[in-house]
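K.L.:
With the input below, show me the fold.
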Amino acid sequence: IVSDIDGTITQSNAIGVKDTLLTENYERGCHEGVANFHSNLASEQHNNHNVDFRFLYVTSRPIRLIPKTRKFLSTLRQGEDKKKLPDGPIIGFGGNIPQVLMMELFTKKTNYFKANILWEQVVKPFQQATTRNKREVPIFWAGFGNTLLDIQAYHMAGIHLQKIYLINKESQISMFHNCEEDCNESPCPSQEQFKSPRPKNWYKNRIDLNRTFNGYSDPELIADVLQTLKGARNQRKQC
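P.N.:
Reported below is the predicted structural model:
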């Protein structure tokens, strides 16, 4: 399960940098209920021995900031029961801060960075390691992001559009229409699919306005994602 950090776990990119790197006021700057939601998806009560769901955090933050980012992810506690985010590897940007700012604010190419790093560090190694049909079973089962560039990156890396969730600054979470061409694609992308991404407006036009959830604590969101993960278990059993 792939999750962006700034704007997806935190309320916005700016708040994410300020409250997680500078002031370390973690809880104030995060979407309400995100720790409980993520931990529920990774918990044993919704899991079994057939499929082991793990979280992967992907961020445009430079690698030099990963220690502080890891401290934030492991320290954040929310709610009366002090839920924490599930453990998981963090994939960051290999350049420096000026390069990040250029990519985020001017060239707006974070989608290519995230898609490429997911492809090179996750998809290709898993495909090379498996003895099964390399495009038989998906590697990623859900993705969470706060921009259309995140959505584009996840889709390029092989996550089906109906398994990608877009969150805004007001914590509203949207899904995408289940389009026929997406359903007919293989669970894992080919190199050709990866090199030819669909334009950003293609995704914008497929936001399903009738499937919007009121934050990470919305029980309908939890039910929807758990149904997706249940489908993952069933598909794994068939393989």
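K.L.:
which secondary element of the protein has the worst mean pLDDT?
P.N.:
helix 180-183 (a mean of 53; mean pLDDT, DSSP states H and E).
K.L.:
In this protein, which residue is most central in space?
P.N.:
Centroid check for the chain by C-alpha atoms, centre = their mean gives residue 3 as the closest residue, at 2.7 Å.
K.L.:
which other helices and strands contact the host helix or strand of that one?
P.N.:
Assigned by DSSP states H and E, residue 3 falls within strand 2-4. Where contact means 3 or more C-beta pairs under 8 Å, 6 or more residues apart in numbering; DSSP states H and E, strand 2-4 is packed against strand 56-62, strand 143-145. C-betas here are computed from N, CA, C, even on glycine.
K.L.:
what comes into contact with the following helix or strand past the shortest one?
P.N.:
The helix or strand immediately downstream of strand 143-145 is helix 148-156, counting by DSSP H and E. Helix 148-156 is contacted from outside by 2, 4, 8, 108, 110-115, 118-119, 140, 143, 145, 161, 164, 166, 176, 182, 189, 193-194, 197-198, 200, 203-204, using C-beta atoms under 8 Å, 6 or more residues apart in numbering.
K.L.:
do stretch 15-22 as well
P.N.:
5-7, 9-10, 25-26, 28-30, 65, 68-69, 72.
K.L.:
Go again with 6 Å.
P.N.:
Residues from elsewhere that reach stretch 15-22, judged by C-beta atoms under 6 Å, 6 or more residues apart in numbering: 6, 10, 25, 28-29, 68, 72.
K.L.:
just how off-centre is it within its chain?
P.N.:
Centroid separation between stretch 15-22 and its chain, computed with C-alpha atoms, centre = their mean, to the nearest Å, is 20 Å.
K.L.:
buried sites along it?
P.N.:
Neighbour counts over stretch 15-22 (16 or more other C-beta atoms under 10 Å) mark 15-16, 18-20 as buried.
K.L.:
in this protein, which spans are helices?
P.N.:
Assigned by DSSP state H, the chain shows helices spanning 13-17, 34-42, 66-75, 97-101, 110-118, 124-129, 148-156, 180-183, 191-195, 200-204, 219-238.
K.L.:
Going by mean pLDDT, which of those helices comes out lowest?
P.N.:
Per-segment mean pLDDT for the helices of the chain reaches its minimum on helix 180-183, at a mean of 53.
K.L.:
mind checking how far residue 12 is from residue 80?
P.N.:
25 Å (C-beta to C-beta, to the nearest Å).
K.L.:
er, residue 171 actually
P.N.:
From residue 171 to residue 80 the distance is 19 Å (C-beta to C-beta).
K.L.:
So between the two, which is more surrounded?
P.N.:
The neighbour count for residue 171 versus residue 80, taken as other C-beta atoms under 10 Å, is higher for residue 171 (18 against 5).
K.L.:
count of residues packed around the closest residue to that one other than its chain neighbours?
P.N.:
Spatial nearest neighbour of residue 171, excluding adjacent residues (C-beta to C-beta, 6 or more residues apart in numbering): residue 215 at 4.0 Å. Counted with other C-beta under 10 Å, the neighbours of residue 215 add up to 16.
K.L.:
Residue 215 touches residue 169, doesn't it?
P.N.:
No. If you go by C-beta atoms under 6 Å, residue 215 and residue 169 don't touch, sitting 11.6 Å apart.
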